[in-house]
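>>> Pasting the sequence and the predicted model now:
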Amino acid sequence: MLPPSLSDTIVALSTPPGAGAIALVRLSGPQAISITDGVFIGKRLRDQAGHTLHYGTIREGERIIDEVVVSLYRSPHSYTREDVVEISAHGSDYIVQELLSLFVRRGARLAEAGEFTKRAFLHGAFDLAQAEAVADLIASDSQLSHQVAMRQMRGGFSQELKELRSRLIHFAALLELELDFGEEDVEFADRTGLVALLQEVQGLVRRLLRSFALGNVIKHGVTSVIAGRPNAGKSTLLNALLNEERAIVSDIAGTTRDLIEDEVSIDGIRFRFVDTAGLRDTTDVVESIGVERTLKRVQQAALVLYLFDITNTTPQQLEAEIEVLHAPAGVPVLAVGNKLDVASDAELSSFQHRPSTVLIAASRGDGLDELRETLLALVRGEGLDRTGSSTIVTNVRHARSLEQALQHLDAVVLGLEAGTGTELLAADLRHALAALGQITGEISNDDLLTSIFTQFCIGK
């Protein structure tokens, strides 16, 4: 018998609200076809094959609400694995509300947030990690975030986790068997083989966890603060990176008083560049507020570009100025020397071999390609397959579950080395398996599902 929520037929608008050319109203559930049949004037839907389109009108009594095209999908060959009807109507708010009200009066109920995808998960269309990737795919705003979400939605991450769990389950079963024969002091699980397997699994889990830093960047972008003294060329650099005149450029020091932000995609990764007020001691009240905001924004940055004028800065001054930034630990600070085109050979040689330094001429665009490559290398860290075929963790919930799994795997390894009893080993191994299972939904609870699917839009 189906749970009460699955025995209902649900309805929702699946296109964005507001006036438009087309609005798509979706019904899913046991009565989706019969409810629509009761108001659709055209072919009798219950006699039609799935994956077919039908033109007609939606009426209530003699009143025509709209001319529509109905898409018919029969269970289990639909997104939710239930009978699904999708009605393409004219994109009027009035028409949409009339259709929704009509279907509710005929026996459907309004869908909850993410309920269509939740039903697909509950019916086994895909696992929980794939379901969450659906939301990531909808939210993707760069080529790389789209590639990563698409790969996860198609089961790449899930398959890797499934293989990890299946290998651990075999040994867990042998440990559980030992517990059944505890009084006979027998060992079914090869301890040496278990240690080797656990070390391999630990390595894979650590790799996935390391990928989360990059995954978070792919999903949310990189906030990159451009800091430096007045007239270093920060606004010129921002305009060059964005390829537009976004910030005012002037020879007058202190022109930029407030933060100017904009985004650009570099090789599929979204960077949000922040042009800031020049760092210097000033008696100007407004400018001093801008300097305070700059230092505060540095504390919130994922990456800092410290821009300096090659022609009037020494290496010692550069080090002292970067120190003043007090960038948070772990945040990369890239020194960018500007005015390459007018610097002398002696001035250039002072910085050419300094680590984490790129030399450019922002006004002419010289060195910008090298700067972009350096930015990508800093963000990618250990590297990324640009085709998007590498498994990358982008979800905070997944990262926390992997951390829990690794913690229990570490405990099992330490226990094996210390000769810990089988019961404790088995308990830690069960916890590790449970943590991995929570990612794909093999182990889940109603609160977890509610938390995940309420973040979806209503019609998905």
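Yep, it's here.
>>> Got the domain ranges for the chain?
Per the record, the chain has its domains at 4-126, 133-216+395-441, 222-380, by automatic domain parsing.
>>> and Phe456, which of the ones you listed is closest to it?
Ranking the domains of the chain by their distance to Phe456 (criterion: Cβ to Cβ) puts domain 4-126 first, at 2.9 Å. Bear in mind the C-beta positions are built from the backbone N, C-alpha and C, glycine included.
>>> sorry, back to before: reformat the domains of the chain as a markdown table; add distance to Phe456, mean neighbour count and mean pLDDT.
A markdown table is the format used below for the domains of the chain (distance: least, Cβ to Cβ, whole Å; neighbours: other Cβ atoms under 10 Å; pLDDT from 0 to 100):
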| stretch | distance to Phe456 | mean neighbour count | mean pLDDT |
| --- | --- | --- | --- |
| domain 4-126 | 3 | 18 | 94 |
| domain 133-216+395-441 | 6 | 17 | 81 |
| domain 222-380 | 22 | 17 | 81 |
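>>> What residues does Thr391 make contact with?
Thr391 is in contact with Arg151, Gly156, Phe157, Glu160, Leu208, Ser211, counting by Cβ atoms under 8 Å, 6 or more residues apart in numbering.
>>> Mind giving me the packing neighbours of the one helix or strand Lys219 maps to?
In this assignment (DSSP states H and E), Lys219 forms part of helix 191-220. Judged by 3 or more Cβ pairs under 8 Å, 6 or more residues apart in numbering; DSSP states H and E, the packing partners of helix 191-220 are helix 143-153, helix 156-180, helix 368-380, helix 396-418.
>>> Name the next helix or strand downstream of the last one, please.
In this case it means helix 396-418. helix 422-440.
>>> Return the angle between stretch directions for that following helix and helix 156-180.
Orientation check (axes from the mean of the first three to the mean of the last three Cα atoms, to 10 degrees): helix 422-440 against helix 156-180 gives 160 degrees.
>>> can you list the residues that contact helix 422-440?
Contacts with helix 422-440, where a contact means Cβ under 8 Å, 6+ apart, come from 127-129, 158, 161-162, 164-165, 168-169, 171-172, 175-176, 178-179, 182, 187, 397-398, 401-402, 404-405, 408-409, 411-412, 415-416, 443-444, 448.
>>> what does stretch 142-162 give?
Contacts for stretch 142-162 (Cβ under 8 Å, 6+ apart): 126-127, 129-130, 132-134, 136-137, 139-140, 204, 208, 215, 218-219, 265, 267-270, 387-389, 391-394, 398, 436, 439-440.
>>> Could you tell me the end-to-end distance of it?
Stretch 142-162 has an end-to-end distance of 28 Å (criterion: Cα to Cα, to the nearest Å).
>>> Cys457 is in contact with Ile138, correct?
Yes: with contact defined as Cβ atoms under 8 Å, Ile138 counts as touching Cys457 (7.4 Å).
>>> can you give me the strands in the stretch 201-350 of the chain?
For the stretch 201-350 of the chain, strands defined by DSSP state E, counting those that start in this stretch occupy the ranges 222-228, 260-266, 269-275, 303-309, 333-338.
>>> Columns distance to Ser363 on top of the ones you listed, output as CSV?
CSV is the format used below for the strands of the stretch 201-350 of the chain (distance: least, Cβ to Cβ, whole Å):
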stretch, distance to Ser363
strand 222-228, 15
strand 260-266, 18
strand 269-275, 15
strand 303-309, 12
strand 333-338, 9
